[in-house]
Each structure stands twice: as C-alpha cells, then as structure tokens.
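Chemist: just need the structure, nothing else, for what follows:
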Amino acid sequence: MFIRKKKNRSGTTSIVVVNKIKGCFQELKTIGVSSNEKELATLYEQGKRWIEMHCGNRDMFLESERQREEKQVTEYFLNNVENILLNGTQLILNEVFRLVGFDAINDDILRHLVVARLCQPASKSGTVDYLKSYFDEDVELHKIYRYLDRLHNTLQDKIQQISVEHTLRILGGHIGLVFYDVTTLYFESDNSDELRERGFSKDGKHSQPQVVLGLLVSRDGYPLSYSLFNGSQYEGRTMIPVVEDFVHRFQLDDFVIVADSGLMTKTNMALLESANYKYIIGARIKNETEEIKQWILSLDKKEGRFYELDAKQVYEQYRGLWVIERAYRVTKGTLEMRLMFHFTQKRIEAHVCVCFVAYKIYKELERILKLSNINLSVDKVLNIAKTINTLKAKLPASGETLTKTMLMTQNTGRLSRCSIRIFSGFINPTQIIPQSQSSPFSSHPCKHERFRGQSRQSGSNFPICRGQIQP
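Modeler: Presented below is the predicted three-dimensional model:
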C-alpha cells in the first residue's frame, strides 16, 4: 500500500490510499480532497496512519492499551444507562400530530391517548401501563378520566375545526366531495340509558345497547366531522342534522354530498333540494316513482353521459363511498373503537373523539408515506417502528442525560427517508397528492363499475345526481 496524490479536473488534489495486486492498482480509500498545501500534508499523514492501522504494522502494547481503554469506556457507559425506550412509534406519531395542527390544543394527555390508540389500543388503565412501560411517560389514570370528562364538551369543536382546516390545506382549499355514512357501536352490557339504546345493529348485536355514529369524510377519506346519536335512532334521520351543522360551523357551500340509497329517503332528498345542496345517491330504478322512471327514459341517448354530466365522472364520485367504509373498518378494527370500557355519556363521546383524532393522524401518516414514495401501509410502518429504541444514559459527574435513537433491524432503514422528511420539516403540510394517485386503493373494483353510459336495467344501482357537479 502507498499514498498517491491525484490531480482532479477542478484543480484540487485527492489523497488516495492505493494497493497494487497482480499488476493492477486499486484505490482503497480517499482520505480527503483539498487545494491547500498544509491541508494536503495533514491528509497525507492521516493516510499513513490509515495504512499502519490496516497493514498490521501496529504496536502490540499500544493496541492492548487501546482495547483495554475501549472496554472500560464501554462498560462505564453501559453501567450508567437509565432506560431503554421502545418509542419509535411515539417519535413518528408525535411529529405527525404536530404537522396536522393538533399541538395547538397544547395538551399532552390528548397526544398520549392518541399515540397509544394507534400503537396499542387498550382500556385507559392498560393505556397508562403501556405509556409507562414503552415510553416512560407518567400519566395518572384519574387525570385521564378527568380529562375525558371535560374533553367531550370543551375541545370537540376545536378538534373538528383543526381537522377541517388541515383537510382544506391538503386538498387545495376545496373539499369538493363529502361522503356520509353511519355505523353502530355496541356495548357489552344489558343496561341502557338515553344514549345507549337497543336498535338495529350493523354488527348483529340487536339485543345489546348501542350508539349510532355518523361520520363525514372528504375525498381520500380524510375525516371532517362526526356526531353521536342514541342507539334507537333511524339512520336516515341522522344525515341532515350532521350536514347542516357542518355547513353552519365551517361556512362551506361548494361541495357535493355522496351517500348510499339507505340514507337518501324522500324527506332527506326534499330537504337537500330545498337547501340547494348538490348530491349523488345510488338507487334501484325499479323502486323509483313513475316520474323518475319517465325522466330517466326521456334523457337523450348519449353514450357515456348522465343528463348534462359525464357518466364516468358521476360513477367515480359515487364509487368513492368505499373511503368511508374503510374509515369505519380502520376505526373499529385497527383503532379498536369498540369494545368501549365507558358507560357515561361524557366519556363515551370523549372516547369517540380520541378515535377521531387517531384516525386523522393515521390518514396523515398514510399521505406522508405516499409523498415519500414508501410503498408500505401505515400498519406495517408502525410495526417496523416498534423495533426502534431510544437509549438514555446519565453522566454521573455532570448529571447530564444523553439519548441515542437506535435502528435495531434492517427493516427500520426503510423508514429512514420518511423519518428524515418528517423530523427535518421536508413534509409540506399543504402539499397536494394528485387525485389519480391519492389512494393506494383507487384501483380496487367497485360493484358499480360494471355500468357504463345510461343504464336502464331495472334492478341496477343507478347513481342519481342533482346540481352541477365539479370534477
């Protein structure tokens, strides 16, 4: 081995360690590049020391002393390790929480509850244990219950306001489509009250008390608003109050309501039309009135057109109902909104509110992954992040605590690009994902996809539209 000074086209000189094997020269390491003679001399000496270290030309006494000191330093450090936190998910979700804007609430308990709901859904008692065991967060159970008692009526409006404002930013200031649907949440109890009542259960639990949850989401499934109703409430009577409250609070007027036929009763349609709301519904032509049938049959036979609207556009907007179905699947499955371990109205509403915030964070992380070109689901990312540890060591002399985040498996390297973008501020909270690429599920088949143009099949689910719908 020897050191070569190699001239570069830029006028600088590289100090390179070169080895000759079987007549061929191989560059092993570039020590550095400079155009300054003093710096080149320093780099040359560094190159000589590098050769000594890698050629076996070492002083065995110095080497033994170095190894002994290294071992002592390592043992000293390990003896002062205070804690090892399994907080990879917390590091990521805390930043997503901030990006959405929920940090404006300035309440650590809400953030802890949301992060725990995404990482390890459990009862509030189980959440306290989880936060302490994995994140070393001391949150007292009685403080959580007190927080839930005031969350239901003091912060719900602000939380929904933050969610709507963030959704407007990422959708370019225009919501466009609003999807509405309801689900039911049952309780493992025989006792009912004014909120928890028996009714038609979508989970098949007709003999148990339940509540009805109405949810509004935007295109791509970003949650906008929600409302709870007593369990005996007919779902068709929930939509208009939710929509009117949403419009009144956020002063929105340029949007299209999309819902399935079960929610679009004659009364609802009349109320929507009287308020000049635009809507798309799915209905069976054979069940429509003669007036509607004659109106459909009287339309001009233009291939690929619905009245004055493009047929493909209407179908694409109506089939977007899958986003709210997925929202319920995530909240009831991944986030385990049920079973609920609460029995008072205040805490039931607060629990649903926490799940609403958790789903918003879930969707924002999904958007960040897409912007970072990481082809992984949110669930997969959180599972990988659970292998990221943070080591904390306290220095005895100064009392200073050092922390080091460690990637424990090879899979965690796949998250490094996403993590760097989040922590370094490279994620633009207002960056818009093109509609054609906005969802990894956009190519999923839909039961309405088989219809094209002006369908006259009497048994078909036929999207009926009112008002001019924007693309």
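
Chemist: identify the single longest helix in the protein, thanks.
Modeler: helix 345-371 (DSSP state H).

Chemist: from residue 22, how far off is residue 44?
Modeler: Distance of residue 44 to residue 22, given as C-beta to C-beta, to the nearest Å: 27 Å. Every C-beta, even on glycine, is put in place using the N, C-alpha and C of the backbone.

Chemist: the more surrounded of those two?
Modeler: Shown here are residue 44 and residue 22; by other C-beta atoms under 10 Å, residue 44 has more neighbours (14 against 5).

Chemist: now do the contacts for the more buried one.
Modeler: 3, 5, 15, 31 (C-beta atoms under 8 Å, 6 or more residues apart in numbering).

Chemist: how long is stretch 331-349 end to end?
Modeler: In stretch 331-349, first residue to last residue: 15 Å (C-alpha to C-alpha, to the nearest Å).

Chemist: for that stretch, what is the distance to the chain centroid?
Modeler: 20 Å (C-alpha atoms, centre = their mean, to the nearest Å).

Chemist: likewise stretch 137-146?
Modeler: Averaging C-alpha positions (C-alpha atoms, centre = their mean) puts stretch 137-146 25 Å from its chain's average.

Chemist: now stretch 153-165
Modeler: Counting by C-alpha atoms, centre = their mean, stretch 153-165 comes out at 18 Å from the chain centroid.

Chemist: average pLDDT across that stretch?
Modeler: The average pLDDT within stretch 153-165 is 88.

Chemist: now the most centrally placed residue in the chain: how far from residue 378?
Modeler: Taking C-alpha atoms, centre = their mean, the centroid of the chain lies closest to residue 362, which sits 2.3 Å from it. Residue 362 sits 6 Å away from residue 378, going by C-beta to C-beta.

Chemist: returning to that earlier point: which neighbouring elements make contact with whichever helix or strand comes after the longest helix of the chain?
Modeler: Next helix or strand after helix 345-371 toward the C-terminus (DSSP states H and E): helix 378-385. If you count contacts as 3 or more C-beta pairs under 8 Å, 6 or more residues apart in numbering; DSSP states H and E, helix 378-385 packs onto helix 88-100, helix 345-371.

Chemist: and the angle for the next helix or strand after the first one with helix 88-100?
Modeler: When you say that, I think you mean helix 88-100. Next along the chain after helix 88-100, taking DSSP H and E as the criterion, comes helix 108-119. In terms of direction (axes from the mean of the first three to the mean of the last three C-alpha atoms, to 10 degrees), helix 108-119 departs from helix 88-100 by 120 degrees.

Chemist: on that earlier part again, any chance of TSV for the helices and strands packed on helix 378-385, columns distance to residue 394?
Modeler: Listed next are those as TSV, based on distance: least, C-beta to C-beta, whole Å:
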stretch	distance to residue 394
helix 88-100	20
helix 345-371	32
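
Chemist: how near is the residue nearest to residue 121 when sequence neighbours are not counted to residue 119?
Modeler: Residue nearest to residue 121 in three dimensions, not counting chain neighbours: residue 336, with 3.6 Å by C-beta to C-beta, 6 or more residues apart in numbering. Between residue 336 and residue 119 the computed distance is 12 Å (C-beta to C-beta).

Chemist: residue boundaries of the strands in this structure?
Modeler: With strands called from DSSP state E, the chain shows them at 2-7, 13-21, 24-34, 81-85, 176-186, 210-218, 223-230, 255-259, 278-284, 305-306, 309-310, 388-394, 401-407, 461-466.

Chemist: nearest to residue 136, of the ones you listed?
Modeler: strand 81-85 (5.6 Å; C-beta to C-beta).

Chemist: how about residue 85: what's its closest non-neighbour residue?
Modeler: Using C-beta to C-beta, 6+ apart, the closest residue to residue 85 is residue 390 (4.4 Å).

Chemist: so, low pLDDT: which residues of the stretch 301-450 of the chain?
Modeler: For the stretch 301-450 of the chain, the stretches with pLDDT under 70 are 301-320, 409-450.

Chemist: at 50 what do you get?
Modeler: 424, 426, 435-450 (pLDDT under 50).

Chemist: if we can go back for a sec, and the strands of the chain as JSON lines, adding mean neighbour count and distance to residue 147?
Modeler: Converted to JSON lines, the strands of the chain look like this (neighbours: other C-beta atoms under 10 Å; distance: least, C-beta to C-beta, whole Å):
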{"stretch": "strand 2-7", "mean neighbour count": "12", "distance to residue 147": "65"}
{"stretch": "strand 13-21", "mean neighbour count": "16", "distance to residue 147": "61"}
{"stretch": "strand 24-34", "mean neighbour count": "14", "distance to residue 147": "56"}
{"stretch": "strand 81-85", "mean neighbour count": "14", "distance to residue 147": "23"}
{"stretch": "strand 176-186", "mean neighbour count": "23", "distance to residue 147": "21"}
{"stretch": "strand 210-218", "mean neighbour count": "24", "distance to residue 147": "21"}
{"stretch": "strand 223-230", "mean neighbour count": "22", "distance to residue 147": "19"}
{"stretch": "strand 255-259", "mean neighbour count": "23", "distance to residue 147": "33"}
{"stretch": "strand 278-284", "mean neighbour count": "20", "distance to residue 147": "38"}
{"stretch": "strand 305-306", "mean neighbour count": "20", "distance to residue 147": "49"}
{"stretch": "strand 309-310", "mean neighbour count": "15", "distance to residue 147": "48"}
{"stretch": "strand 388-394", "mean neighbour count": "17", "distance to residue 147": "26"}
{"stretch": "strand 401-407", "mean neighbour count": "13", "distance to residue 147": "28"}
{"stretch": "strand 461-466", "mean neighbour count": "20", "distance to residue 147": "43"}
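
Chemist: could the ones you listed go into CSV alongside distance to residue 94?
Modeler: Converted to CSV, the strands of the chain look like this (distance: least, C-beta to C-beta, whole Å):
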stretch, distance to residue 94
strand 2-7, 47
strand 13-21, 43
strand 24-34, 39
strand 81-85, 13
strand 176-186, 28
strand 210-218, 24
strand 223-230, 20
strand 255-259, 32
strand 278-284, 39
strand 305-306, 46
strand 309-310, 44
strand 388-394, 12
strand 401-407, 13
strand 461-466, 42
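
Chemist: was I right about the residue nearest to the centre of the chain contacting residue 118?
Modeler: Yes: here residue 362 reaches residue 118: they are 6.5 Å apart, a contact under C-beta atoms under 8 Å.

Chemist: could you name every residue contacting both of the two?
Modeler: residue 335.

Chemist: quick check: buried residues in stretch 326-346?
Modeler: 327, 328, 330, 331, 332, 334, 335, 337, 338, 340, 342, 345 (16 or more other C-beta atoms under 10 Å).

Chemist: which residues does the closest residue to the last one other than its chain neighbours contact?
Modeler: Leaving aside its sequence neighbours, residue 345 sits nearest to residue 195 (C-beta to C-beta, 6+ apart; 4.9 Å). Contacts were defined as C-beta under 8 Å, 6+ apart; by that measure residue 195 touches 211, 228, 230, 231, 345, 348.

Chemist: ramachandran coordinates for residue 234?
Modeler: Per-residue torsions, residue 234: phi -70, psi 130 (degrees, to the nearest 10).
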